[in-house]
Structures are given as structure tokens and as C-alpha cells.
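Novice: my questions are about this predicted structure, shown below with the sequence.
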Amino acid sequence: MALIVHKYGGTSMGSTDRIRNVAKRVAKWARAGHQMVVVPSAMSGETNRLLGLAKELAPAGSSPELNRELDMIASTGEQVSVGLLAIALQAEGVEAVSYTGWQVPLNTDSSYTKARIESIEDSRVRADLAAGKVVVIAGFQGVDDEMNITTLGRGGSDTSAVAIAAAMKADECLIYTDVDGVYTTDPRIVPEARRLHTISFEEMLEMASLGSKILQIRSVEFAGKYRVPLRVLSSFTPWDIDINEEAKSGTLISFEEDEKMEQAVVSGIAFNRDEAKVTLLGVPDKPGIAFQILGPVAEANIDIDVIIQNVSQDGKTDFSFTVHRNDYARTMALLESTVGPATQAAKVQGDPKICKVSIVGIGMRSHVGVASKMFRALSEEGINIQMISTSEIKTSVVIDEKYMELAVRALHKAFELEKNPE
Ligand code: ASP
Ligand code: MG
């Protein structure tokens, strides 16, 4: 007998028929003798619908008061899901009980719409499990010190599930979704993309932060910190497939680095269309200049990604960085109004039509020439690289958005990712 956490995404919970299917699958696991905690998302589209209603009435801008109410509203999507799933389980003849985040409770800080989990009180859940019940807990939500309802940011049910698995020392956390695992890249762009049987936790962390939308990045961070065995698998297989086969399907996010040693140097290609580039031309090249530029940007709570500073000519240099596209207008306004004049920049330029394409692989640590192979593949397609950034296990390039798919295909081919590494 094991303690297993299942997480079901919005598509898997998308209709009462699908919820019935989820219930049958969970019932199969419970009947096999496992203690089951299930964390569903809201039915697909529901969170957007709820937040859309709120936006119709919301004043412009954002404030903690407004965000508090957005969390109050958005959290109801998951509340409906857990109730429906518990009923469906009972209809299958399985004892089940549902809880919202505050009933558990799952304690968070008070940063509404992006709260962080602080602790999970699991005694109530444990008592139910001991009594033979399946426990269904609402994803995406928690409660702060003052009993205000909070949410964990979009896609946050992944993090709820992993955090619960970590707190309860579950044997495994299975994330059921509408894809059957983690692929070398998005199969919609490269049809030959291959499903990975395992991916290391560090690679998954890079993939999630570089734009692969399979898991909320915080859930991967949690899994890493608490070493929660995590598996991404499809909820669209027949619910009655053999449980042992199901338990080995999908992609395992593993902590066993050695297992990976003989594998491919590059494991996957990630891409991200959500960034924009800004440049300050002709700023004086002197100590403190980067801080003068990026200090105010950080103060405005704008996240910065890739940064590049050119060698100077005649004491002047160009300074570029990327921000999330949602922050582009705000960043440009800030540079044009204050930072540009303060740093005596000759000109402020912006380009929202860029994208970032990255190769990821822990094998890059021990192999040379990986980046140059990447640059050759891009140059053979005539793609100009605007910025480069690297870490031990990834190399990212910023390129014109219109070449994104071409670049992803070229890199997938260059690194032969369609082939099984043996
Ligand atoms: N329902 C929430 C969202 O749509 C949380 C989740 O699905 O993970 O973002
Ligand atoms: Mg999701």
C-alpha cells in the first residue's frame, strides 16, 4: 500500500462525463489498496470565465483589495470541482470527502493571486485516509493568517498537488494532463518530437521556466526541494488500463542523475514567445551603469531575463534586456521617461516581436561544442541571433519571433532528438 497523490487538470475535469472517468480511475487506484489524495483543477475555461466576470466590474489597475476579491472568486472554480469529484467517487461506491484549501488548511502568505505556500496541516486528511476515504482537495488555493482565501497563481493546482505530496511524504505524485508526458519539444511544431521516459528534475526546471507550459514552475521547484517523485501522464488513456502499466506511463521527473549519464547531451528544446526586448543605445560605459538602468526596473517590480551589454566604443555602449511581454509597455515608458534621460542614453528602442529558443540538457555540463552546434544550425537557416544566455545546462538565444518554429525544427533535427538515445 502506498500513499499516492493524483492531480487532474482542467481538461481532464472538463465535463461531468470526464469527471466520472476521473472517478473511475481514482477508484481503481483506491481498490488496488492505495491511500489516495486527489487534487483537481477547475473545469476547463472556468477560471477564465470567473476572472472575466470580475474584470467586467473591476476598476482599472490592480490593488491588494481587488486581488483579494479575485482570489475569492477564482477559488470557487476548484470548489465546484472537488464537490463534483467526491460525488462521482461516491457514485462509484468509494468513500470520498472534499475539502477546500482553507478547510485543510493549506496555509499561505497574503500575496493574493500569487500566494506562496507556508505550511500544510495534514491531520484531518490523514484521519480520513486512515478511515479508508479518498480525500479530494481543491487545487490552486489556500488561506492566509487572517483567514483570507488566496490563490497560488495561474496553473497553481500543480503546486498544490506537489506541496501536499511533499507535506504528506507521498510515495508519488501523478500529474494527469491532456498530453501523455514531457516531449523533446512541442509536437505541434515538430511532429517527430519524442516523449521522454525520464527527465531530470533540473532539466524539467529549465524546461518549465523556459516556456514549456506542462507544469507550473513552482511545482517543479517544490518537487526538487522535497524530492517528491513526480510523473506527468495522460488522463485520456482508458480509465481501466492495467494499473501497473499506467504507473509506468508518461514521463518520470527523476532525481537519479547517474541514470541520465549515458543519455543525450541535449534533452529538449524549449521556446517562449512571451518576452520583449528593450535597448538603451549610446549609454556612457562607466561603473554603476547597469545598476542605474536595472535598479529602477526592479523597483517597478518588472522581472528581467536575458541581459546583454556590448563592448564600448568611444566610451559609449548599448545595453539590452528582455522582460515579459505584459511588462513591455511599462518598461518602455519607464526607460523613455526617466531611466533613459538619467543615464544620458542617446536612444531607447524596443522590440516586442522576439522569442527565446533554448536547448536544455544536463549532458551539456560534460560536453563541449554544444552551443556552437546550436549556432551552426541556426546560421544554416539564416536566422540571426540577437542575444545569447547560458547556464550550465542550457543555452538560450533571442531571435525574431517569425523564425521561432523554423529554429525549433532546425535544432530538433541538429541534435537528432527524434532518435532514441541508447
Ligand atoms: N484553475 C487554475 C487556473 O486555471 C489553476 C489550475 O488550473 O492549475 O489557472
Ligand atoms: Mg496546468
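Specialist: Arrived safely. Ligands and ions are numbered 1, 2, ... in the order given.

Novice: from here on, just use CA atoms for contacts and neighbour counts.
Specialist: Fine.

Novice: surely residue 378 touches residue 409?
Specialist: No: with contact defined as C-alpha atoms under 8 Å, residue 378 does not reach residue 409; the gap is 10.0 Å.

Novice: which one's more surrounded, these two?
Specialist: residue 378 (22 against 18; other C-alpha atoms under 10 Å).

Novice: next, find the distance separating the more buried one from ligand 1.
Specialist: 35 Å (C-alpha to the nearest ligand atom, to the nearest Å).

Novice: and that residue, what element?
Specialist: For residue 378, the host element (DSSP states H and E) is helix 370-380.

Novice: buried stuff in that helix?
Specialist: By neighbour count on 16 or more other C-alpha atoms under 10 Å, the buried set for helix 370-380 is 370, 371, 374, 375, 377, 378.

Novice: starting at the chain centroid, how far to that helix?
Specialist: 27 Å (C-alpha atoms, centre = their mean, to the nearest Å).

Novice: can you put the buried residues of helix 370-380 in JSON lines and add pLDDT?
Specialist: Listed next are the buried residues of helix 370-380 as JSON lines, based on pLDDT from 0 to 100:
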{"residue": "370", "pLDDT": "94"}
{"residue": "371", "pLDDT": "93"}
{"residue": "374", "pLDDT": "97"}
{"residue": "375", "pLDDT": "97"}
{"residue": "377", "pLDDT": "97"}
{"residue": "378", "pLDDT": "98"}
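
Novice: now distance to residue 198 too, for these, in TSV please.
Specialist: Below are the buried residues of helix 370-380 laid out as TSV (distance: C-alpha to C-alpha, whole Å):
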residue	distance to residue 198
370	21
371	23
374	23
375	27
377	26
378	28
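
Novice: which one of those residues is nearest residue 269?
Specialist: For the buried residues of helix 370-380, the minimum distance to residue 269 (C-alpha to C-alpha) is 10.8 Å, reached by residue 374.

Novice: that closest one is in contact with residue 412, isn't it?
Specialist: No: Residue 374 lies out of contact with residue 412 (C-alpha under 8 Å); the separation is 9.8 Å.

Novice: if you count neighbours, what's buried in stretch 85-104?
Specialist: Neighbour count says stretch 85-104 has 85-90, 92, 94-102, 104 buried, by 16+ other C-alpha under 10 Å.

Novice: hmm, I typed the wrong one, I wanted stretch 215-230.
Specialist: For stretch 215-230, using 16+ other C-alpha under 10 Å, the buried residues are 215-224, 227-230.

Novice: just the ones of the residues you listed in helices?
Specialist: Of the buried residues of stretch 215-230, the ones assigned to helices by DSSP state H are 217, 218, 219, 220, 221, 222, 223, 224.

Novice: and of these, the nearest to ligand 1?
Specialist: Of all those, residue 219 has the smallest distance to ligand 1: 10.3 Å, by C-alpha to the nearest ligand atom.

Novice: contacts only, for that closest one.
Specialist: Contacts for residue 219 (C-alpha atoms under 8 Å, 6 or more residues apart in numbering) come out as 156, 158, 159, 160, 161, 162, 163.

Novice: below-threshold pLDDT in the stretch 251-400 of the chain: ranges please.
Specialist: Counting by pLDDT under 70, the stretch 251-400 of the chain has low-confidence residues at 257-263.

Novice: quick one on the thing from earlier: of the contacts of residue 219, closest to ligand 1?
Specialist: residue 156 (4.2 Å).

Novice: surely the closest one meets residue 142?
Specialist: No: using C-alpha under 8 Å, residue 156 is not in contact with residue 142; the gap is 10.6 Å.

Novice: can you report how many residues lie near residue 252?
Specialist: With neighbours defined by other C-alpha under 10 Å, the count for residue 252 comes to 22.

Novice: same check, this time on residue 365
Specialist: Counted with other C-alpha under 10 Å, residues neighbouring residue 365 total 13.

Novice: what residue is smack in the middle of this protein?
Specialist: residue 216 (2.6 Å; C-alpha atoms, centre = their mean).

Novice: show me the contacts for it.
Specialist: Contacts for residue 216 were tallied using C-alpha under 8 Å, 6+ apart; they are 155, 156, 158, 159, 208.

Novice: now the last one. Nearest residue, chain neighbours left out?
Specialist: Beyond its immediate neighbours in the sequence, the residue positioned closest to residue 208 (C-alpha to C-alpha, 6 or more residues apart in numbering) is residue 217, lying 5.3 Å away.

Novice: ok, now the fourth one?
Specialist: By the measure of C-alpha to C-alpha, 6+ apart, the closest residue to residue 159 outside its immediate chain neighbours is residue 219, 4.0 Å from it.

Novice: residue 129 now?
Specialist: Here the residue nearest residue 129, using C-alpha to C-alpha, 6+ apart, is residue 35, at 6.2 Å.

Novice: after the helix holding residue 378 comes which helix or strand?
Specialist: strand 387-391.

Novice: against which helices or strands is that following strand packed?
Specialist: The helices and strands touching strand 387-391, judged by 3 or more C-alpha pairs under 8 Å, 6 or more residues apart in numbering; DSSP states H and E, are strand 304-309, strand 394-400.

Novice: just name the most buried of those.
Specialist: Most buried of the helices and strands packed on strand 387-391, by mean neighbour count (mean count of other C-alpha atoms under 10 Å): strand 394-400, with a mean of 22.

Novice: give me the subset of the ones in helices among the buried residues of stretch 215-230 that also touch ligand 1.
Specialist: Counting by C-alpha under 6 Å from any ligand atom, the subset of those that neighbours ligand 1 is empty.

Novice: now those residues in CSV, with pLDDT?
Specialist: Putting those into CSV (pLDDT from 0 to 100) gives the following:
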residue, pLDDT
217, 90
218, 91
219, 94
220, 93
221, 92
222, 92
223, 93
224, 92
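
Novice: farthest-apart pair in these, please.
Specialist: Pairwise distances among these were taken by C-alpha to C-alpha; the largest, 10.8 Å, belongs to 217 and 224.

Novice: residues contacting the residue lying closest to residue 192 once chain neighbours are set aside?
Specialist: Leaving aside its chain neighbours, residue 192 sits nearest to residue 418 (5.6 Å; criterion: C-alpha to C-alpha, 6+ apart). Residue 418 is in contact with 184, 192, 193, 194, 412, counting by C-alpha under 8 Å, 6+ apart.

Novice: same check on residue 223?
Specialist: Each residue near residue 223 by C-alpha under 8 Å, 6+ apart is listed here: 162, 163, 166, 229, 230.

Novice: swap in 7 Å and give it another go.
Specialist: Taking C-alpha atoms under 7 Å, 6 or more residues apart in numbering, we find residue 223 in contact with residue 162.
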